[in-house]
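**Q** following is a predicted model, sequence given first.
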Amino acid sequence: MKNESIQIVKTLFKNPLSYLKLDTPQVYKNMTVIPLIVQDEKFIDYISIKEAEELELIEIIETETVGQLEVVNKSDKQILIPFGMTVRGGKQDRTIWEPILLPVGGKQSIVSENPGTNKQKYTIPAKCVEQSRWNYSKSRGFKSSSTRLHPNVAYQAISAAGQSGVWNEIQSHRVEMNYASSIAPTQSYLEITKESEKQTENFVKHFKRVQNQCGIAVFINGEFIGIEFYTNKEVWNTMSNDIIKAFSIEALRFKDKPQRKVNEYHDELIKTLAGLNLDYSARKGVALGNVVEFNSNDNKWRGITLEYNKSMVQFYLVSKRGGYQDQPHSNMQFQTIIDQRYQV
């Protein structure tokens, strides 16, 4: 089954049009977005963590381990916690670093200890995005934030290198954006990115959703930098503003760099995807489906997806540009094995 999951992902890279329809490119400043439409037969029925929170159908709970949180689905729906989602609360803000599709749960609360109740509690992998706090400042529980990881930090979050790479990339972002040290004294990624929120919201306003849209492919200064899509258009509608804001941070990082001319963005996207030389690994997901990770041989591209019922619930691919530079580790395995999920 894991090999089948890898083959599904490989097919997307070889022939994106077998899975996606590409709409007309939209441009704002140095950022170009291609709206993506997933073929109808690939759709899966699930709701996002944001919708579940609004309906009080999910709980995310602190544990004593930085790299672990606990989650319970109290609904009669499947719930997606996407890769790159940040959650605020507990002793430190965290990011969820693999896509998780929770199966249908029960209606009862996690605190219920009645015999025979089905609490559907899962331990999920997390990484810290707030280095200098380990105490409860507000809630002991967690709520999703509107801040998604921008590509350079997301690249590190997928990495098998562990927690330190994420912290280093956050600090690198602070330096390259010239944010004062008084901003976010706990090194909170959520607080640091607030400094660019007005600018990123302007990008959101200029990119319009198209009918049946499920994702975007993004170019900055004429270079393809990443793609994210879902097999559920309602979930895309819920998450899209946060995703555009995250990608637009890259536009701000490179706003003064020269523009590369692109004659045809669709052709450029297809050519780039097909030309990537990737290594793949697959493992059982925390809940439903299989997680597939992929990494280019030149270490410029990393991605992750969750395959379930022959569809990719969430697909995410980004390239790393500038920022923190990893130290080479000749013996490092790319695959994020189970034990590494919970290392700090």
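**A** Cool, the structure landed. These numbers come from a predicted model, not from an experiment. Numbering: from 1, shown residues only.
**Q** could you report the neighbour count for the closest residue to N237 other than its chain neighbours?
**A** Spatial nearest neighbour of N237, chain neighbours left out: R209 (6.9 Å); criterion: C-beta to C-beta, 6 or more residues apart in numbering. For every residue, glycine as well, the C-beta is placed using N, CA and C. Residues near R209, counting by other C-beta atoms under 10 Å, number 14.
**Q** show me what contacts R209?
**A** By C-beta atoms under 8 Å, 6 or more residues apart in numbering, R209 lies in contact with 35, 237, 240.
**Q** partner residues bridging the first one?
**A** Yep, that's P35 we're talking about. I216 (DSSP bridges).
**Q** just give the number of residues close to it.
**A** The burial count for P35: 24, using other C-beta under 10 Å.
**Q** what residues of stretch 25-32 count as buried?
**A** 25-26, 28, 30-32 (16 or more other C-beta atoms under 10 Å).
**Q** tell me which of these is nearest to S164?
**A** Closest approach to S164 among the buried residues of stretch 25-32 (C-beta to C-beta): M31, at 29.9 Å.
**Q** dump the residue contacts of the closest one.
**A** By C-beta under 8 Å, 6+ apart, the contact set of M31 is 203, 218-220, 247-248, 250-251.
**Q** and the residue nearest to N237, that one's in a strand?
**A** No - in this structure, R209 is coil, not part of a strand, as judged by DSSP: H, G, I helix; E, B strand; the rest coil.
**Q** can you tell me which residues contact the closest residue to G215 other than its chain neighbours?
**A** Of all residues not flanking G215 in the chain, F229 sits nearest, at 2.4 Å (C-beta to C-beta, 6+ apart). Contacts for F229 (C-beta under 8 Å, 6+ apart) come out as 20, 36, 38, 214-216, 236, 312, 314-315.
**Q** try V33
**A** Neighbouring residues of V33 by C-beta under 8 Å, 6+ apart: 25-27, 207, 216-219, 244, 247.
**Q** next one, pLDDT for the most centrally placed residue in the chain please.
**A** Centroid-nearest residue in the chain, with C-alpha atoms, centre = their mean: G84, separated by 2.8 Å. At G84, the model reports a pLDDT of 94.
**Q** ranges for the strands of the stretch 1-150 of the chain?
**A** Using DSSP state E, counting those that start in this stretch, the strands of the stretch 1-150 of the chain run over residues 20-22, 26-28, 31-38, 47-48, 58-62, 68-73, 79-81, 85-89, 94-96, 100-102, 121-128, 141-148.
**Q** which of those is buried the deepest?
**A** Of these, the one with the most neighbours on average (mean count of other C-beta atoms under 10 Å) is strand 79-81, at a mean of 27.
**Q** what's it in contact with?
**A** The set of residues external to strand 79-81 that reach it, using C-beta under 8 Å, 6+ apart, is 46-49, 52, 57-58, 71, 73, 96, 99-102, 105, 124, 230, 232, 235, 313-314.
**Q** mind listing what's buried in stretch 265-275?
**A** Within stretch 265-275, the residues scored as buried using 16+ other C-beta under 10 Å are 265-266, 268-270, 272-273.
**Q** find the pair from these with maximum spatial separation.
**A** Among the buried residues of stretch 265-275, the pair separated by the greatest distance (C-beta to C-beta) is Y265 and L273, at 12.6 Å.
**Q** for this structure, what are the low-confidence residue spans?
**A** For the chain, the stretches with pLDDT under 70 are 106-119, 134-140, 159-161, 326-344.
**Q** just checking, next helix/strand downstream of the longest helix along it?
**A** Longest among the helix segments of the chain by residue count, using DSSP state H, is helix 233-253. Sequence-wise, the next helix or strand downstream of helix 233-253 (DSSP states H and E) is helix 265-275.
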